[in-house]
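Undergrad: My questions are about this predicted structure, shown below with the sequence.
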Amino acid sequence: MVPPDAGATRIRDARPDDRGSIRDVTLAAYAEYASQMPALWDGYRSNILATLHDPGPAEQIVAERDDAIVGTVLLYPTGVALPGAGRPRVAWPEVRLLAVAPAGRGRGVGEGLMRECVRRARARGAPILALHTTDMMRTAMRLYGRLGFVRAPELDVRVAPSLTVKGYRLDLG
């Protein structure tokens, strides 16, 4: 007999021994963008690895299915200076590096992780939850739209002449 929750996705805080799995899932999820940004990929990959090596004050949240990490996300608190030259301190909690293993996509893992970030931000009384993404991340952008995030051009960051990382926000009130 199979337990009723077998195969269910469980959202939880990351543990120190999850570090390797988090790195592997994140790099696998973001690898699809390498061909879309060949001149910038090595720097972006290095930034991902540095962020994951030391997420600082961010909450590292994972999605686990059948005892394997299938998704991960970072939730930064208000007032933190995010990595990157010239970036101001965030005025609200911010989501970074949402990643779902390619084999785990289409099962609600990303949505579950995002809903957990929304829940945590709301529980702390944050009026807004922010994030940044790019046009090449179409699947993520559709998810953010379904969850109610809207464009916030005032949060945009130009990381290269050919690449603007677009700001989005969700009003939590």
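TA: Ah, there it is.
Undergrad: CA atoms for contacts and neighbours, from now on please.
TA: Fine.
Undergrad: So which bits of the helix or strand harbouring residue 142 are buried?
TA: In this assignment (DSSP states H and E), residue 142 forms part of helix 138-146. Using 16 or more other Cα atoms under 10 Å as the test for burial, helix 138-146 gives 140, 141, 144.
Undergrad: Can you get me a residue count around residue 100?
TA: 29 (other Cα atoms under 10 Å).
Undergrad: Residue 34 and residue 27 touch, don't they?
TA: No. Residue 34 sits out of contact with residue 27 when judged by Cα atoms under 8 Å, with a separation of 10.3 Å.
Undergrad: Tell me which of those two has more neighbours.
TA: residue 27 (17 against 14).
Undergrad: Distance-wise, check the more buried one relative to residue 123.
TA: According to Cα to Cα, to the nearest Å, residue 27 and residue 123 sit 30 Å apart.
Undergrad: try residue 39
TA: 40 Å.
Undergrad: Which helix or strand contains the most centrally placed residue in the chain?
TA: The residue lying closest to the centre of the chain (Cα atoms, centre = their mean) is residue 98, at 2.2 Å. Assignment of secondary structure by DSSP H and E places residue 98 within strand 94-100.
Undergrad: hmm, who's touching the following helix or strand past that strand?
TA: Next along the chain after strand 94-100, taking DSSP H and E as the criterion, comes helix 109-123. Residues outside helix 109-123 that contact it (Cα atoms under 8 Å, 6 or more residues apart in numbering) are 9, 11, 61-63, 70-73, 75, 93, 95, 98-100, 128-129, 143, 172.
Undergrad: which is the next helix or strand following the element among helices and strands of the chain having the smallest mean pLDDT?
TA: The helix or strand of the chain with the lowest confidence, counting by mean pLDDT, DSSP states H and E, is strand 157-160 at a mean of 80. Once the chain leaves strand 157-160, the next helix or strand it forms, by DSSP H and E, is strand 163-171.
Undergrad: Thanks a lot, catch you later.
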